[in-house]
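Visitor: what's the 3D shape of this:
(2 chains)
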Amino acid sequence: MVEYLPILVMFAIAIAMAVVILVLTHLLGPRQDDPVKLSMYESGVNPAQDSKVRFSVKFYLVAILFVLFDIEVVFLYPWAVTYKTLLSSLGWLMFWQMFIFVAVLLVGFGYVWKKGGLQWD
Amino acid sequence: MDNTVFTLLPLMILVGFSLLVLVADMMLAREQRPALGIVALIGVIVSLISCSWLWNAPQTAWSDMIVSDHFALFSYIIFLVSTGLTLLLSMRYLSEEDIQFGEYYALLLLAATGAMLMASGLDLMTIFIGLEILSISVYILAGFARRNERSLESALKYFLLGAFATGFFLYGIAMVYGATGTTNIKVISQVVSEGTIRSQSFLWIGIALLVAGFGFKVALFPFHVWTPDVYEGAPTSVTAFMSTAVKAAGFAAFGRVFLSALQPMHADWTGILWILAVFTMFFGNITAIAQRSVKRMLAYSSIAHAGYMLIAIIAGDANLSSGSLLFYLLGYAFTNVAAFGIVIYLSRKGETEFDGKDYAGLAIRHPWLAFVMAVCMVSLAGIPPTAGFMGKFYIFSAAIKAKFYWLAVLGVINSVISVYYYLRVIFVMYFEKPAADYVHGTLSLGMKIVLILSVIGIFQLGTVPGSVMALLQNSMMVFQ
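Guide: Prediction:
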C-alpha cells in the first residue's frame, strides 16, 4: 500500500488547490451581477425559454425500446468474436443459439409493433 | 449436438409457451383472452413432464453454470405446481377485476422460468440472472391492476426496495468473488473448505450482503417491511404466486448457496441466521395476531413461515436440510394458493380490505369451501394430519439432529402462537352468524380444481410423506 502514498498526496494537493482557489475568488473577486450575466448559457444564442420544459412521455418509450434492442447488438459481438473458435466444437449449436436469441427478440419486436409502441401519434 | 443443452428443457418450454401466449394475445379478441390461461397451463404441464424425463440423469451442464440435480428438479416441481394453481385461480379473477390481459400469463411463465434458473444455478451469476428474471416479472405483476391505486403502490414499493436488495445481492457476489476468486458454487465450496481464501473479511462482508439480498426475497425479519403492503395491494392471484413460488425460489437459491458453497463455514454463519430466524418467527406470528384483514394476516403468516424455513438452512446438513426445506415448501405452496383462492372468491371486485364479515358463517353458506379453508388454516398452523405438520416435523427434527435444541423449542412455541390466529378464522367460519346482505357467487371450474388438488396435496403430504421424502434423498448433487 505504501507505493500508493504519492497518489494520495497528489489527491490531497489537488483538492486543496481547488478549494483554496474557489474560496479566494469568492472572497477577493468583485461582484457585478446583471441580467445578461445571470441568464442561462446557450452557447451564445439568446435563451428562448426555461430549460426545465416538459417533454412527451413517448421519448421515454423510444429510449426504453432503444436500450432493449441495443443490448441485442451488444450480445451479438461476443458471439461473433468467438464464432470461429467455437464452431468446431459446438457446430450447429452455435447457429441455433443466436437464432433463438434473435427469434425471441423478433417476437418482442412484433409485440411492440402490434401494441402500437412504434406509433408516434 | 451436446445433449447437456437439454438440462434446461423445462425452462425452454416455459419461455417458448410464454412467447406463444404473447403472439396469440396479439391475434385473439378481447373476450377470448382467458383461453391464453389454458395455453400457459399446457406449458406448465409439458414442463412438468420434461422434469420427470430429466429426473434419472442428474448432471451439470453449460460449463458448470447449471445443475439439474434432484434439488433443482424438485424445486422446479414446486414452482410449476404453484404457477399452475395460480393460473387456474387467475382466469376468472382477471376478468372480474377487468385486467384480463395476455401479458399476465406470459409474465407468470417468465417469472417461473426465473425461479427455476435460481434453483438450478450452480454459479452465483446464474442465480443472479434468475433472480432478475423473476423479480422484474413480479414487479410488473404486482402492479398489474393498473387502475387500482393500492396495486400501483404495491408495485412501486416492491420495485424500489427490490432493486436495492438486488444491488446488495450483487455486491455480495462481488465480495465473495473477491475473497474466493470464483463465482462457481462448487469451486467456492472447495476454496472455503481448503482454507485458501484470499481475504476472510471480504468473505464475511459478502455473506452478510448475500443474507440481506436473500432475506429480502424471502421476507426475513429486518428485510420484511415491504411484505404486508405489497401482498395486500397486489392482485390476490399474484399474491398467491409471490408467497409460494417467489418465496420458494428465494429459499432454493438461499439453500444452494449456504448449504453447498458456504457449507464448510457452517459454524460461522449459523449465529446470525439463528437470530434472524427467531426474530422473523416471533415478529411474523405476533403481528399476525393483530391483523383484521385475512389477506394481511396471511402476509404476516408468510413472514413467520420464512422463519421456520430458515431453521432448515441453519441446521446446515446438506441432505436433511435441503430435503426438509423442499418438503415444507411444497406443502406450503398447496396450502397458501388454496387459502388465497378462497380470499379471491370471498372478495368483491376492486376490494382489497377484508374483514371477518365475509367469512362469518361460511360453514353454513358454503360447507365445502369452509372445509377447504379450515384444512388450509390447520395445515398452516402445523396440526396433523396435514402437510404443514409433516413439514414442520422434518424441519424441527433436522434442527434437533444438528443440536439446535433451542431453535427447535422456539419454533414449536411459535407454532403454538400461530394456532391462535389460524383457528380464529375457523372459529369465525363455523360459529358466527352469516351477514344477511351476503350475495352468493359461483365457483369457477379453475377454482374448484385448485381447491380439490390442494386438499389432496395437503393430506397426501401429511399422511404419506415418505414417498415424497424418498425423492429428496441426497438431493444436492454437489456433494455426491
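Visitor: give me the below-cutoff pLDDT ranges for the stretch 201-350 of chain B.
Guide: B:348-350 (pLDDT under 70).
Visitor: let's see 80
Guide: Across the stretch 201-350 of chain B, the ranges flagged by pLDDT under 80 are B:318, B:347-350.
Visitor: which bits of it sit near chain A?
Guide: Counting by Cβ under 8 Å from any Cβ of the partner chain, the stretch 201-350 of chain B comes close to chain A at no residue. The way it works is simple: take the backbone N, C-alpha and C, and place the C-beta from them, glycine included.
Visitor: do you have the helices of chain A handy? List them.
Guide: A:5-28, A:35-38, A:58-90, A:92-114 (DSSP state H).
Visitor: could you identify which of those is most buried?
Guide: helix A:92-114 (a mean of 14; mean count of other Cβ atoms under 10 Å in any protein chain shown).
Visitor: what's that one in contact with?
Guide: Around helix A:92-114, the neighbours that count as contacts under Cβ atoms under 8 Å, 6 or more residues apart in numbering or on different chains are A:65, A:68-69, A:72, A:75-76, A:79, A:83, A:86-87, A:118, B:1-2, B:5, B:15, B:19, B:22-23, B:26.
Visitor: ok so, going back, wait, which of the helices of chain A is closest to B:Arg30?
Guide: Proximity to B:Arg30 (Cβ to Cβ) singles out helix A:92-114 among those, at 14.1 Å.
Visitor: where along chain B do the strands fall?
Guide: Assigned by DSSP state E, the strands in chain B fall at B:60-61, B:66-67.
Visitor: quick one: strands adjacent to the first one?
Guide: Partners of strand B:60-61 in the sheet, by DSSP bridges, are strand B:66-67 (antiparallel).
Visitor: how far off centre is the partner strand?
Guide: 20 Å (Cα atoms, centre = their mean, to the nearest Å).
Visitor: now it: average pLDDT?
Guide: Strand B:66-67 shows a mean pLDDT of 90.
Visitor: same check, this time on stretch A:7-20
Guide: Rounded mean pLDDT across stretch A:7-20 is 95.
Visitor: quick one: distance of that stretch to the chain centre.
Guide: For stretch A:7-20, the distance from its own C-alpha centre to the chain's C-alpha centre is 29 Å (Cα atoms, centre = their mean).
Visitor: re the thing from before, closest one to A:Ser51 among the helices of chain A?
Guide: Of all the helices of chain A, helix A:35-38 comes closest under Cβ to Cβ, at 13.7 Å.
Visitor: now that closest one - C-alpha only, CSV.
Guide: Taking Å, rounded to 0.1, in the frame of the first residue of the first chain, the C-alpha atoms of helix A:35-38 are listed here in CSV:
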residue,chain,number,x,y,z
PRO,A,35,-29.4,40.1,-16.1
VAL,A,36,-27.4,39.1,-19.1
LYS,A,37,-24.7,37.7,-16.9
LEU,A,38,-27.2,35.7,-14.8
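Visitor: kindly report the residues of chain A close to chain B.
Guide: A:Leu90, A:Gly91, A:Trp92, A:Leu93, A:Val104, A:Val107, A:Gly110, A:Tyr111, A:Lys114, A:Lys115.
Visitor: can you put these in TSV and add distance to B:Ser193 and pLDDT?
Guide: TSV is the format used below for the residues of chain A next to chain B (distance: Cβ to Cβ, whole Å; pLDDT from 0 to 100):
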residue	distance to B:Ser193	pLDDT
A:Leu90	34	78
A:Gly91	38	80
A:Trp92	40	84
A:Leu93	35	82
A:Val104	40	89
A:Val107	45	90
A:Gly110	50	89
A:Tyr111	48	89
A:Lys114	54	87
A:Lys115	52	85
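Visitor: ok, so of those residues, who is nearest B:Ile205?
Guide: A:Val104 (37.0 Å).
Visitor: picking up where we left off before, need the winner for burial among the strands of chain B.
Guide: strand B:66-67 comes out most buried of these by mean count of other Cβ under 10 Å, with a mean of 24.
Visitor: what does that one rub up against?
Guide: Counting by Cβ under 8 Å, 6+ apart, B:Thr7, B:Leu8, B:Pro58, B:Gln59, B:Thr60, B:Ala61, B:Ser120, B:Gly121, B:Leu122, B:Thr126, B:Met477, B:Val478 sit against strand B:66-67.
Visitor: who wins on neighbours among those residues?
Guide: Taking other Cβ atoms under 10 Å in any protein chain shown as the neighbour criterion, B:Ser120 ranks highest of the contacts of strand B:66-67 with 30 neighbours.
Visitor: which residues touch B:Ile342?
Guide: When contacts are taken as Cβ under 8 Å, 6+ apart, B:Ile342 is in contact with B:Leu369, B:Val372, B:Met373, B:Cys376, B:Leu451.
Visitor: can you give me the pLDDT of the last one?
Guide: Here, the pLDDT recorded for B:Leu451 equals 93.
Visitor: that one: neighbour count?
Guide: 26.
Visitor: just how off-centre is the longest helix belonging to chain B within its chain?
Guide: Ranked by residue count, the top helix of chain B under DSSP H comes out as helix B:149-180. Taking Cα atoms, centre = their mean, one finds the center of helix B:149-180 at 17 Å from the center of the full chain.
Visitor: quick one: average confidence on it?
Guide: In the prediction, helix B:149-180 has an average pLDDT of 93.
Visitor: what do you get for stretch A:25-37?
Guide: pLDDT averaged over stretch A:25-37 gives 85.
Visitor: now the longest helix of chain B: buried residues?
Guide: Across helix B:149-180, burial judged by 16 or more other Cβ atoms under 10 Å in any protein chain shown covers B:150-155, B:157-159, B:161-162, B:165-166, B:168-177, B:179-180.
Visitor: show me what contacts the nearest residue to B:Val15 once chain neighbours are set aside?
Guide: Spatial nearest neighbour of B:Val15, excluding adjacent residues (Cβ to Cβ, 6 or more residues apart in numbering or on different chains): B:Thr113 at 5.6 Å. By Cβ under 8 Å, 6+ apart, B:Thr113 lies in contact with B:Leu11, B:Leu14, B:Val15, B:Ser18, B:Ile133.
Visitor: quick check: pLDDT value at B:Thr113.
Guide: 96.
Visitor: related to what we said a few turns ago, just the contacts of B:Ile342 now: which is nearest chain A?
Guide: Closest approach to chain A among those (Cβ to the nearest Cβ): B:Leu451, at 34.4 Å.
Visitor: that closest one contacts B:Val372, doesn't it?
Guide: Yes: using Cβ atoms under 8 Å, B:Leu451 is in contact with B:Val372, at 4.8 Å.
Visitor: which residues do the two both contact?
Guide: By Cβ under 8 Å, 6+ apart, the residues touching both B:Leu451 and B:Val372 are B:Ala338, B:Ile342.
Visitor: tell me the centre residue of chain A?
Guide: A:Val67 (10.2 Å; Cα atoms, centre = their mean).
Visitor: mind checking how far that residue is from B:Gly215?
Guide: With distances taken as Cβ to Cβ, to the nearest Å, A:Val67 is found 30 Å from B:Gly215.
Visitor: mind listing the helices for the stretch 351-480 of chain B?
Guide: Counting by DSSP state H, counting those that start in this stretch, the segments of the stretch 351-480 of chain B that form helices are B:362-365, B:367-381, B:387-401, B:405-431, B:445-463, B:465-471.
Visitor: any idea how far B:Ala261 is from B:Ser68?
Guide: B:Ala261 is 18 Å from B:Ser68, by Cβ to Cβ.
Visitor: go on, B:Ser260?
Guide: As judged by Cβ to Cβ, B:Ser260 and B:Ser68 stand 15 Å apart.
Visitor: who has more neighbours out of those two?
Guide: A count of neighbours by other Cβ under 10 Å puts B:Ser68 above the other of B:Ser260 and B:Ser68, at 26 against 22.
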